[in-house]
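Asks: Got a sequence here, can you build the structure:
(2 chains)
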Amino acid sequence: MSAPSDRSLARRLALAVPTLWMAALFLTPFALVAKVSLSTPALSQPPYAPVFALAEGAAAALDKFGELGVAAYRALLDDDLYLASYLGSLRLAAIATALTLLVAYPLALAIARAPRRRRAGLLMLAIAPFWTSFLIRVYAWIMLIKDEGLINHALMASGLVAEPLRIFATDAAVVIGVVYSYLPFMVMPLYAALEGQDAALREAAADLGAPPLRVFWRVTAPLSLPGVLAGSLLVFIPAVGEFVIPDLLGGSDTLMIGRTLWAEFFSNRDWPAAAAVAIVMLAMLAPMLVLYERLQMREAGR
Amino acid sequence: MAGAGGGAPLVRLEGVRKSFGAVTAVDGVSLEIARGEFFALLGPSGCGKTTLMRILAGFETPDAGAVILDGEDVSATPPHRRPVNMMFQSYALFPHLSVARNIGFGLVEQGLPRAAVAARVEELLRLAQLEGLGARKPDQLSGGQRQRVALARALARQPKLLLLDEPLAALDRRLRESTRQELIAVQRRLGAAFMMVTHDQEEAMATADRIAVMRAGRIEQIGAPAEIYERPATRFVAGFVGEINFIEARLVARQGEEARFETADGPLLARRAPEWAGAMSALTLALRPERVALAPPPDAANRREAVVIDATYLGGRSQVRLRLASGLELRALAPGGAELWRPAQAITVSLDPDGLTALAPETAR
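Replies: Sure, this is the predicted structure:
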């Protein structure tokens, strides 16, 4: 009689640990950010009002609730800068995601089709560079693409260009940085989708008269779509909010939401505006996160 | 039935050889398959039958030898340019395509207009008794239905040769029998040559016009099922296809077609003398259990005194194990129940002279 309730208690405890973890480290900060986004900027420490304090008691806290409002969100609508930042982020993230897919697909395909005993090693080679510091690798790109950098040096020396190519401090540099930095996130799900395909399906397609390229388009590519979608979401979602890459490689005119957010926080000290920017970005990306979770669940269910 | 000869064969393999690293999978195979023939490659797993079939499909290129298909050397032709189609053991149905699109896959590659593809797919759905299932995905079908989709897809392009890789292995026992009959019926109706790979001797016997028995990359014997069963050429074939008794013997004399042997249990008469054996040469005789008569008439040839070891009822008939005076054990099949035979019972048996087959000595490998 007591055994089943014991077990359900144990199960509840087991679930309680991750639930508490998520509540403490995700939900609480999120609630704080949401609250800040509803505040108004103030010349104080911290730089917004109202500030709740336990010592003031419940009645004072209730009074302060009335001071909360959506002014910061309204400001987002009033200033075109925010809309331009969101669109700029989405645009650059989309371009970078597409290019990452183009680079990662042949790479993942080659690894998946390599002899079985070599696959793990090749995968390691594709991912090992990403074990070093992200910041240093992005910095290294400056040395490669700046006007007097390695690439321009080589191009000029070979006589292909007379003037150095302007790559550094442009949107193109941001795209290059994102493609490079997020490559493993695309390669891994693609590799998993391609490696798991039954070779007999390709043989069946060839047997039915399809030359190699047709086999790819009619069998290999459609069967890898879950991997394409998963990889694209894994690159696109963080790329939208990326700050380090546009800050280091982008130009002053590179509008991305991560930079705008940084500017609100540190340059303007407008915490409510920054918090509102973050909340809107999260709302924008949430459907994609849900889509990705659904995809993972369906794959796991197979 | 359709054998080699009688018009140019559809398929001719000449000394085909294929190795994977140090392993020789196919070791100099030559054979012919006639038009309209149902041919079976029979052998234990690892005997090279699957590799040989993959060579015919074009998935493997032979290291040596030639694959002649309809008079044309296709040894180096890639699979998509061969008038050969294959039904895979796993069926290899495209999981992302509907049944109709699976069946029409090869027709689209032929460049047929959309309407012609649709019409032919409808026809094949009818042939395979899959009407109304064209829109389903493969994972919404039963095992038997999947098998029929695979067959319809492989037949869509009207191949000159259809390869079937263990076509019945994935089906349960009940379905196997009816599916086997369907396969034979389809083959007869279309008149195409079918080549089946199987490790199941009963399946090969019941289905094929001719069987090639393979062992360790080589062909041991090619012949009609009855020939393989009644006149096995080697000890391996005799043992692989059904139950059999082996009797060591020495050829004493030939009398026209007949031959006299000497064995540890006395003289033996066989109706057919082996052409290859010289006088006094030692050899092995093979005899099927049903060729051992347990209640022979008094004038029967090759009579022997024997002692019953035990009897096992097999349903309708019993298998009786016997021991001859020399200690040689024989298996016999007798109608009726096992209670007719008591252990240690002394009986007289006769070894049918028509059933005794001299086996070729094992060649050195």
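Asks: Give the residue spans of chain A that score low on pLDDT.
Replies: A:1-5, A:301-302 (pLDDT under 70).
Asks: try chain B
Replies: For chain B, the stretches with pLDDT under 70 are B:1-6, B:362-365.
Asks: Which residue ranges of it form helices?
Replies: Remark: helices assigned in chain B by DSSP state H are B:49-57, B:99-109, B:114-127, B:143-155, B:173-190, B:201-207, B:225-230, B:235-240.
Asks: Can you give the contact residues for the last one?
Replies: Residues external to helix B:235-240 that are found in contact with it (C-beta atoms under 8 Å, 6 or more residues apart in numbering or on different chains): B:42-44, B:201, B:213, B:215, B:220-221, B:228, B:232, B:244, B:246, B:284, B:286, B:357, B:359, B:362. The C-beta positions use only the backbone N, C-alpha and C, and glycine is treated the same way.
Asks: Now, of the residues you listed, which are buried?
Replies: B:42-43, B:201, B:213, B:215, B:220-221, B:228, B:232, B:244, B:246, B:284, B:286, B:357, B:359 (16 or more other C-beta atoms under 10 Å in any protein chain shown).
Asks: Which of these sits closest to chain A?
Replies: Comparing those against chain A with C-beta to the nearest C-beta places residue B:43 closest, at 21.0 Å.
Asks: How about the contacts made by residue A:145?
Replies: A:151-152, A:167-168, A:173, A:176, A:249.
Asks: hang on, I meant residue A:285
Replies: A:237, A:240-241.
Asks: One more: residue A:194?
Replies: By C-beta under 8 Å, 6+ apart, the residues touching residue A:194 are A:108-109, A:112-113, A:220, A:224, A:227.
Asks: which residues in chain A form strands?
Replies: Remark: strands assigned in chain A by DSSP state E are A:40-41, A:48-49.
Asks: Indicate which one of these is closest to chain B.
Replies: Taking C-beta to the nearest C-beta, strand A:48-49 is the member of the strands of chain A nearest to chain B, at 52.9 Å.
Asks: who does the closest one touch, helix- and strand-wise?
Replies: In terms of contacts (3 or more C-beta pairs under 8 Å, 6 or more residues apart in numbering or on different chains; DSSP states H and E), strand A:48-49 is packed against strand A:40-41.
Asks: Within the sheet, what are the partner strands of the strand it packs on, with directions?
Replies: Strand A:40-41 has its sheet partners listed here by DSSP bridges as strand A:48-49 (antiparallel).
Asks: contacts for the strand it pairs with?
Replies: Contacts of strand A:48-49 (C-beta under 8 Å, 6+ apart): A:36, A:39-42, A:67, A:271-272.
Asks: So what's the gap between that strand and the chain middle?
Replies: Taking C-alpha atoms, centre = their mean, to the nearest Å, one finds strand A:48-49 lying 30 Å from the centre of the chain it belongs to.
Asks: got it, and stretch B:122-136?
Replies: 31 Å.
Asks: which residues are in contact with it?
Replies: With C-beta under 8 Å, 6+ apart as the contact definition, stretch B:122-136 has outside contacts at B:98-100, B:103, B:121, B:141, B:145, B:148-149, B:151-153, B:155-156, B:186.
Asks: Tell me which two of those residues sit farthest apart.
Replies: Spanning the widest gap among these are B:98 and B:186, at 22.3 Å by C-beta to C-beta.
Asks: Pull out the buried members of the contacts of residue A:145.
Replies: Of those, these count as buried by 16+ other C-beta under 10 Å: A:151-152, A:167-168, A:173, A:176, A:249.
Asks: Can you tell me which residues in the stretch 51-200 of chain B are near chain A?
Replies: B:57-59, B:78-81, B:84-86, B:88, B:90, B:92-96, B:105-106, B:109-110, B:153-154, B:156-157 (C-beta under 8 Å from any C-beta of the partner chain).
Asks: Please repeat the previous calculation with a cut-off of 7 Å.
Replies: Counting by C-beta under 7 Å from any C-beta of the partner chain, the stretch 51-200 of chain B comes close to chain A at B:57, B:59, B:79-80, B:85-86, B:88, B:90, B:92, B:94, B:96, B:105-106, B:109-110, B:157.
Asks: got a winner among those residues for most neighbours?
Replies: When neighbours are counted by other C-beta atoms under 10 Å in any protein chain shown, residue B:86 leads those with 30 neighbours.
Asks: so who does that one touch?
Replies: By C-beta atoms under 7 Å, 6 or more residues apart in numbering or on different chains, residue B:86 lies in contact with A:207, B:57, B:154, B:163, B:165.
Asks: Distance of it relative to residue B:26?
Replies: 17 Å (C-beta to C-beta, to the nearest Å).
Asks: elements contacting the longest helix belonging to chain A?
Replies: When chain A is scanned for its longest helix (criterion: DSSP H), the result is helix A:80-113. For helix A:80-113, the elements it packs on are helix A:116-127, helix A:171-195, helix A:225-240, helix A:257-262, judged by 3 or more C-beta pairs under 7 Å, 6 or more residues apart in numbering or on different chains; DSSP states H and E.
Asks: now that helix against helix A:116-127, angle please.
Replies: 160 degrees (axes from the mean of the first three to the mean of the last three C-alpha atoms, to 10 degrees).
Asks: Could you check the angle helix A:80-113 makes with helix A:225-240?
Replies: If you take the same axes, to 10 degrees, helix A:80-113 sits at 140 degrees to helix A:225-240.
Asks: Please identify the buried residues of helix A:80-113?
Replies: A:82, A:85-86, A:88-90, A:92-93, A:95-97, A:99-101, A:104-105, A:107-109, A:111-112.
Asks: okay, among the buried ones among the contacts of residue A:145, which ones form the most distant pair?
Replies: A:152 and A:249, at 14.9 Å, using C-beta to C-beta across those.
Asks: Can you tell me the number of residues neighbouring the residue nearest to residue A:259 when sequence neighbours are not counted?
Replies: Once flanking residues are discounted, residue A:259 sits nearest to residue A:246: 5.5 Å by C-beta to C-beta, 6 or more residues apart in numbering or on different chains. By other C-beta under 10 Å, 25 other residues sit near residue A:246.
Asks: which residues are there in the stretch 151-300 of chain A that come within reach of chain B?
Replies: So the stretch 151-300 of chain A meets chain B at A:198, A:200-201, A:203-211, A:214, A:219, A:222-223 (C-beta under 7 Å from any C-beta).
Asks: do that again at 8 Å, thanks
Replies: Residues of the stretch 151-300 of chain A lying near chain B by C-beta under 8 Å from any C-beta: A:198, A:200-201, A:203-211, A:214, A:218-219, A:222-223.
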